[in-house]
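Undergrad: Sequence and predicted structure, then a few things I'm wondering about:
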Amino acid sequence: MSLLKPFSKLPGLNTANILLVESEEHFQQSLADALVEETGVTVNVRLAKSLPLPMENDENRPRIDLVVFIINLASELSFQSAETSVKHLDPGYFLGKACFMVTNARSASAPVERLDAIRKLAASLHCPLLFAEDQTPEGVSSAADRLLTVLKVAAGLVPITTALYLSNLTKCTLPPDIDQPSFD
């Protein structure tokens with residue numbers, strides 16, 4: 001098992017490859033279905049429960065342009081899986097080729113501390129933090145549209161815009177009072 005590297009393979013022409021990493025696979029398949037409906041560019045979606053990826057298909061695996069860690073805010077296991085999977089990415093992915101997508105943020109059962117921990121993780125890695133509604137088709141479609149925008153830039157399909165530039169515009173930042181106790 002080795003690190004997943006962003007520049008170890010050549011890109012495909014008008015092709016973007018995305019890896020969706022989700023331990024519980026609730027949202028992963030519906031998001032993948034929405035992503036492949038894109039008509040302007042060929043989108044290949046790879047699914048994984050966690051990283052590292054198995055070595056047996058390494059030579060046949062295309063270059064991964066964007067890695068998305070999907071975290072269910074209501075599940076501690078989902079956060080822990082994403083946290084351990086991040087360690088198996090090459091640092092080059094954190095230059096605009098990785099992001100976090102959080103689901104169930106509106107759930108009353110989701111602890112605020114977990115959201116703060118996810119925000120700290122995304123900010124420490126300089127990655128965008130996206131929120132998605134996974135219960136409705138409109139929410140899935142909206143999440144797919146946002147991911148497609150980031151994916152096209154990360155794959156180099158948008159002229160004059162680089163993944164590092166987009167990452168600087170969309171990275172997660174922490175307010176100065178994040179470590180202060182909540183008054184709720």
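TA: That came through, no problem. Numbers count the residues shown, from 1 in each chain.
Undergrad: Would you map the helices across the chain?
TA: Counting by DSSP state H, the chain has helices at residues 28-35, 76-85, 112-124, 137-154, 163-170.
Undergrad: So which of these is nearest residue 92?
TA: Between residue 92 and those, the tightest spacing by CB to CB is seen for helix 163-170, at 10.1 Å. All C-beta atoms are positioned from the backbone trio N, CA, C, and that covers glycine.
Undergrad: Keeping just the C-alphas, turn the closest one into PDB.
TA: Presented in PDB, the C-alpha positions along helix 163-170 are these (Å, rounded to 0.1, in the frame of the first residue of the first chain):
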ATOM      1  CA  ALA A 163      -6.300  24.100  -9.000                       C
ATOM      2  CA  LEU A 164      -4.000  25.900  -6.600                       C
ATOM      3  CA  TYR A 165      -5.600  29.200  -7.500                       C
ATOM      4  CA  LEU A 166      -9.100  27.800  -6.900                       C
ATOM      5  CA  SER A 167      -7.900  26.200  -3.700                       C
ATOM      6  CA  ASN A 168      -6.800  29.500  -2.400                       C
ATOM      7  CA  LEU A 169     -10.200  31.000  -3.100                       C
ATOM      8  CA  THR A 170     -12.200  28.200  -1.600                       C
END
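Undergrad: Of all the residues in it, which ones are buried?
TA: Neighbour-count burial for helix 163-170, counted by 16 or more other CB atoms under 10 Å, picks out 163, 166, 167, 170.
Undergrad: quick one on the thing from earlier: for the helices of the chain, give me CSV that also has mean pLDDT.
TA: Output for the helices of the chain, formatted as CSV (pLDDT from 0 to 100):
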stretch, mean pLDDT
helix 28-35, 94
helix 76-85, 95
helix 112-124, 92
helix 137-154, 94
helix 163-170, 74
